[in-house]
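K.L.:
Have a look at this prediction, sequence included:
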Amino acid sequence: MLVALAGGVGAAKLLAGVTAVVDPAEVTTVVNTGDDLVLHGLMISPDIDSVTYALAGTDNTETGWGIAGETWTVAESLRALGGSTWFQLGDRDLATHLYRTQRLAEGASLSRVTAELAVARGVRTTLLPMSDQPVRTRVTLADPPLGESPEVAFQDYFVRLHHEVPVRALRFDGADEARPAPGVLEAIGAADLVVCCPSNPVVSIGPILAVPGIRTALEARRDRVVAVSPIVAGAAIRGPADRLLRELGHEASALGVARLYAPWAATFVIDEADGGLVPAIEALGVRCVVAPTLMTDRARAAALAKVVLDAP
């Protein structure tokens, strides 16, 4: 069995590649929920949905988020009424959030609802939220714009403020009281291989590690954990991971990410552009594998997946 730790778009791409080369039913994915939010009264889980849509083959590969062939009737009507539309929700995507909100209101757990949505979309991979309890990433802005609170929710920083405002600190509200979702620790303990997908180290993987018990479980399986760098040649493939690393006092490089992951990941996959970092990474006690990591299409994602599976 393979276990993956996943954020959003980068993880979704690699998981699509993984499930193209191994039986999807043999894969369990633990997904970040620190990005979750309530908007228009709806419970939205962006990373869970990105992974679900990618594994269902319905993801919008042009935007990197949402569903292919989406329509925007509700959003356009809401805009005409003067409603808030900074977080874009397409019509088909709205159906997901309506279903999730209804089931949670009926008393179902987030892990139960996530499983139901996966099955409904034909996804054979087991998808687990990192926790059924709310854990929310809160961002402290170094220089808040006029009228802006110094601390904002992650989606306010990422989408509404276009992740353009420097960050001074992060915290994962609720993490101390949270528990791993049912099956998370058991899956890590039984896994033949644990793969940390190329997701943002601080706001996608960081919240997962903040849930008590998960980091300890990974440390216990360190020799079977392979991580893929989300930083190539000093830059993030997508999003603000490089800037966030620098702003939070880390080196924005594959080496900087390797330093963060070394306590619980024994193998680290980096891009060919960073081949010169191999000695420094291996000096951390981490085996370093060099391969093409840019997943510009499903074939390249599958090729990277093969490298990852053979890496330990």
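P.N.:
All right, it came through fine. Values in this document were obtained by computation on a predicted structure and should not be read as measured data.
K.L.:
what ranges of the stretch 151-300 of the chain fall below the confidence cut-off?
P.N.:
Of all residues in the stretch 151-300 of the chain, none has pLDDT under 70.
K.L.:
Helices of that one, start to end?
P.N.:
Defined through DSSP state H, counting those that start in this stretch, the helices belonging to the stretch 151-300 of the chain, from first to last, are 154-155, 184-190, 206-210, 214-220, 241-247, 254-261, 278-282, 298-310.
K.L.:
Off-centre distance for the shortest one?
P.N.:
Taking C-alpha atoms, centre = their mean, to the nearest Å, the mean C-alpha location of helix 154-155 is offset from the chain mean by 13 Å.
K.L.:
Other residues contacting it?
P.N.:
Gly34, Asp35, Leu37, Pro46, Phe87, Arg136, Thr137, Arg138, Val139, Val203 (C-beta atoms under 8 Å, 6 or more residues apart in numbering). Any C-beta I mention is one placed from the backbone N, CA and C, and that applies to glycine too.
K.L.:
on that earlier part again, take the helices of the stretch 151-300 of the chain and write them to TSV, including distance to Leu55.
P.N.:
Output for these, formatted as TSV (distance: least, C-beta to C-beta, whole Å):
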stretch	distance to Leu55
helix 154-155	23
helix 184-190	16
helix 206-210	18
helix 214-220	22
helix 241-247	22
helix 254-261	24
helix 278-282	30
helix 298-310	12
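K.L.:
right, so the ones you listed: which one is the most enclosed?
P.N.:
Burial among the helices of the stretch 151-300 of the chain, expressed as mean neighbours by mean count of other C-beta atoms under 10 Å, is greatest for helix 206-210, which shows a mean of 25.
K.L.:
What is that one packed up against?
P.N.:
strand 167-173, helix 214-220 (3 or more C-beta pairs under 8 Å, 6 or more residues apart in numbering; DSSP states H and E).
K.L.:
how about 7 Å then?
P.N.:
Contacting helix 206-210 under the criterion 3 or more C-beta pairs under 7 Å, 6 or more residues apart in numbering; DSSP states H and E are the following elements: strand 167-173.
K.L.:
how about the strand it packs on: buried residues?
P.N.:
Val167, Leu170, Phe172, Asp173 (16 or more other C-beta atoms under 10 Å).
K.L.:
and what of stretch 282-301?
P.N.:
Buried residues in stretch 282-301, counting neighbours by 16+ other C-beta under 10 Å, are found at Val286, Arg287, Cys288, Val289, Val290, Ala291, Thr293, Met295, Ala301.
K.L.:
Would you point out the most distant pair within the buried residues of strand 167-173?
P.N.:
Across the buried residues of strand 167-173, the two members that end up farthest from each other (C-beta to C-beta) are Val167 and Asp173, 15.5 Å apart.
K.L.:
residue boundaries of the strands in the stretch 51-200 of the chain?
P.N.:
Along the stretch 51-200 of the chain, the segments classed as strands by DSSP state E, counting those that start in this stretch run 126-129, 136-141, 151-153, 167-173, 193-196.
K.L.:
Minimum distance to Thr101: which of the helices of the stretch 151-300 of the chain has it?
P.N.:
Closest approach to Thr101 among the helices of the stretch 151-300 of the chain is made by helix 154-155 (16.3 Å; C-beta to C-beta).
K.L.:
ok, Glu251 - contacts?
P.N.:
For Glu251, the residues meeting the contact criterion (C-beta atoms under 7 Å, 6 or more residues apart in numbering) are Leu245.
K.L.:
ranking the strands of the stretch 51-200 of the chain by burial, who's on top?
P.N.:
strand 193-196 (a mean of 27).
K.L.:
Check which helices and strands that strand sits against.
P.N.:
Helices and strands in packing contact with strand 193-196 are listed as strand 2-6, strand 225-228; criterion 3+ C-beta pairs under 7 Å, 6+ apart.
K.L.:
Adding mean neighbour count, write those out as TSV.
P.N.:
Converted to TSV, the helices and strands packed on strand 193-196 look like this (neighbours: other C-beta atoms under 10 Å):
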stretch	mean neighbour count
strand 2-6	27
strand 225-228	26
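K.L.:
Please consider this matter closed, and thank you.
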